[in-house]
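K.L.:
only geometry, no sequence info:
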Ligand SMILES: [Zn+2]
């Protein structure tokens, strides 16, 4: 059985205990921008329920043009106002750099990515950079943003001042 078959079977169980549809507008008016890391179960680790928050994830949880696109929809159309950033310890983006990664992809595929990886060495520093990018975005209604780093070894979230 493939992993996707297992997930489709799990969904049949989920649908049996489905609690019912929720409002499309997040109840707690929050959008979270996070790394895609598989060790961060955002809803459980932040005490969120279905329907509470938007979650925008990518490699590193970095602020890209597409993250700003999603935050803009989240605020203008769906009513969110607070933004939480979640980076974490032992991130894959700390283990490489933009050039080495582009070399790796080019060696394997013959094509060099046109986009930047946006690697970083210091998670806290990248959270500060992400806060700066959100505060400078001209499209948002609210720049009420706070940043954190999650420790994948302890489960603890630490706010970046
Ligand atoms: Zn990561």
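P.N.:
Nice, I can see it. Quick caveat, the model's predicted, so the values are computed rather than measured.

K.L.:
Alongside the ion, which residues does this structure contribute?
P.N.:
Residues of the chain found near the ion (C-beta under 5 Å from the ion) are 35, 37, 91. (Glycine included, C-beta is placed from N, CA and C.)

K.L.:
ok, now which ones touch residue 82?
P.N.:
Listed by C-beta atoms under 8 Å, 6 or more residues apart in numbering, the contact partners of residue 82 are 29, 30, 31, 142, 144, 145, 146.

K.L.:
Any chance of a ChimeraX selection covering the buried ones in these?
P.N.:
Here is the ChimeraX command that selects the buried residues among the contacts of residue 82 (16 or more other C-beta atoms under 10 Å):
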select :29,30,31,145
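
K.L.:
Summarise which helices and strands the helix or strand where residue 132 lies is packed against.
P.N.:
Using DSSP states H and E, residue 132 sits within helix 123-136. Contacts defined by 3 or more C-beta pairs under 8 Å, 6 or more residues apart in numbering; DSSP states H and E place helix 123-136 against helix 65-76, strand 82-88, strand 144-150, strand 157-160.

K.L.:
Tell me the confidence at residue 1?
P.N.:
The model reports residue 1 with a pLDDT of 72.

K.L.:
heads up, I number from 35, so please use that
P.N.:
OK, 35 is where the count begins now, so the last one is residue 35.

K.L.:
Now do the buried residues in stretch 88-100.
P.N.:
Within stretch 88-100, the residues scored as buried using 16+ other C-beta under 10 Å are 88, 89, 90, 91, 92, 93, 94, 95, 96, 97, 98.

K.L.:
any idea how far the fifth one is from residue 42?
P.N.:
Spelled out, it's residue 92. Taking C-beta to C-beta, to the nearest Å as the measure, residue 92 and residue 42 are separated by 25 Å.
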